[in-house]
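**Q** can you look at this prediction? I've put the sequence above it.
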Amino acid sequence: MTVREKVLTEKDLDKAIADHLAAVNAFDLDAMVAPFAKDAFVNDARREFRGIEAIRAWADREIIGDRVTIDVREVVDNYGDTIVRGAYDGDYDKTKLPPGELIMSNYFGVRDGKITSLIIIRNEPAVIR
């Protein structure tokens with residue numbers, strides 16, 4: 001861990017992120033989208049959704065529609081940006097996923113109390129040679 005990287009607890013989360021995650025797990029579309037800035041973007045599975053209407057459509061179809069839940073496992077502050085790692089579950093297609101838990105990293109940018117960016121990635125351990 002670098003000097004600028006700090007492990008946080010879930011209760012240390014920025015309110016916008018905490019509200020967003022709670023709404024995901026409650027399947028509440030309006031509350032899930034409310035913390036986003038109107039010109040925010042989400043990048044999920046290498047697809048970018050820019051603006052609140054595109055984010056709302058993505059969330060309705062792929063998060064709420066697939067009844068996705070996120071069990072937060074780790075929260076890290078990195079130079080003011082927040083990384084939330086969590087176990088995802090839901091009714092989405094799991095046929096091409098490895099067995100076991102699906103751990104995803106959520107990279108949040110928050111400015112002026114609003115989520116300005118969210119990048120969701122399934123990371124693999126780095127191999128250093």
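**A** Cool, got the structure.
**Q** give the helix, strand or coil label for the residue nearest the centre of the chain.
**A** Residue closest to the mean C-alpha point of the chain, counted by C-alpha atoms, centre = their mean, is N106 at 3.8 Å. Secondary structure, DSSP: H, G, I helix; E, B strand; the rest coil: N106 is strand.
**Q** give the contact list for it.
**A** By C-beta atoms under 8 Å, 6 or more residues apart in numbering, the contact list for N106 reads 70, 83-86, 118-120. Placement of C-beta: from N, CA and C, glycine included.
**Q** same thing with D19?
**A** Residues near D19 by C-beta under 8 Å, 6+ apart: 31, 34-35.
**Q** and it, that's in a strand?
**A** No: with three-state DSSP as the criterion, D19 is located in helix rather than a strand.
**Q** gap between it and A126?
**A** 32 Å (C-beta to C-beta, to the nearest Å).
**Q** again with K96
**A** K96 sits 22 Å away from A126, taking C-beta to C-beta as the criterion.
**Q** buried subset of the contacts of D19?
**A** P35 (16 or more other C-beta atoms under 10 Å).
**Q** any idea which of the contacts of D19 is closest to Y92?
**A** Nearest to Y92, judged by C-beta to C-beta, of the contacts of D19 is A31 at 20.6 Å.
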